[in-house]
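Q: next come a sequence and a model predicted from it.
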Amino acid sequence: PIPSSIDDRLINISTMAENGTTSPQQTEEEQHNGTPTAQTLNVPQDVDEETLRIMVSTDNHLGYAERDPIRGNDSFAAFEEVLILSKHYNCDMVLLAGDLFHENKPTRRTLHKTMGLLRHYSMGPNPVSFQIVS
């Protein structure tokens, strides 16, 4: 079955990570509230304030097939899932490695959508809680 929303896709991601399979199955708690739990993704919850949580995402290729009426938003939906998961698991930073954009000169639409997603999920009142010391 095709997931109907981002919540459904997150459930599928979490259960596949838990089971090591590609067949989506929901845990009882996920069926109840629709959100993957930290246990299903093996994210430790007993970390202290000295622990730096980093979400790593590589080769996003934002803007891939953006003119395709069916797949045009796929790269943005996948990137949004990364940002949703990083916020859900209280990550301190998102490390974007590899190719963020598919083209070396992305379109204005791609740049605008990317900036909108980053602004929506990354900006906020929380302070930057770490320092880089060289």
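A: Right, received. Where do you want to start? Numbering: from 1, shown residues only.
Q: strands of this protein, start to end?
A: 54-58, 93-97 (DSSP state E).
Q: dump those strands to a markdown table, plus mean neighbour count and distance to residue 64.
A: All C-beta spots, glycine's among them, are computed from the backbone N, C-alpha and C. Shown next, in a markdown table, are the strands of the chain (neighbours: other C-beta atoms under 10 Å; distance: least, C-beta to C-beta, whole Å):
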| stretch | mean neighbour count | distance to residue 64 |
| --- | --- | --- |
| strand 54-58 | 14 | 14 |
| strand 93-97 | 14 | 15 |
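Q: including distance to residue 104 and mean pLDDT, could those strands go into TSV?
A: TSV is the format used below for the strands of the chain (distance: least, C-beta to C-beta, whole Å; pLDDT from 0 to 100):
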stretch	distance to residue 104	mean pLDDT
strand 54-58	17	94
strand 93-97	16	94
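Q: mind listing what residue 107 touches?
A: If you count contacts by C-beta atoms under 8 Å, 6 or more residues apart in numbering, residue 107 has them with 63, 66.
Q: how about 10 Å then?
A: 63, 66-67, 101, 113 (C-beta atoms under 10 Å, 6 or more residues apart in numbering).
Q: same deal with residue 74?
A: Applying C-beta under 10 Å, 6+ apart, the residues contacting residue 74 are 61, 64-66, 68.
Q: please report the distance of it from residue 100.
A: Separation of residue 74 from residue 100 (C-beta to C-beta, to the nearest Å): 15 Å.
Q: sketch out the low-pLDDT regions of the chain for me.
A: The model of the chain has pLDDT under 70 over residues 1-41.
Q: same thing but at 50, please
A: 1-4, 14, 16-17, 19-26, 30 (pLDDT under 50).
Q: any chance you could map the helices in it?
A: In the chain, the helices defined using DSSP state H lie at 6-19, 28-33, 74-88, 108-122.
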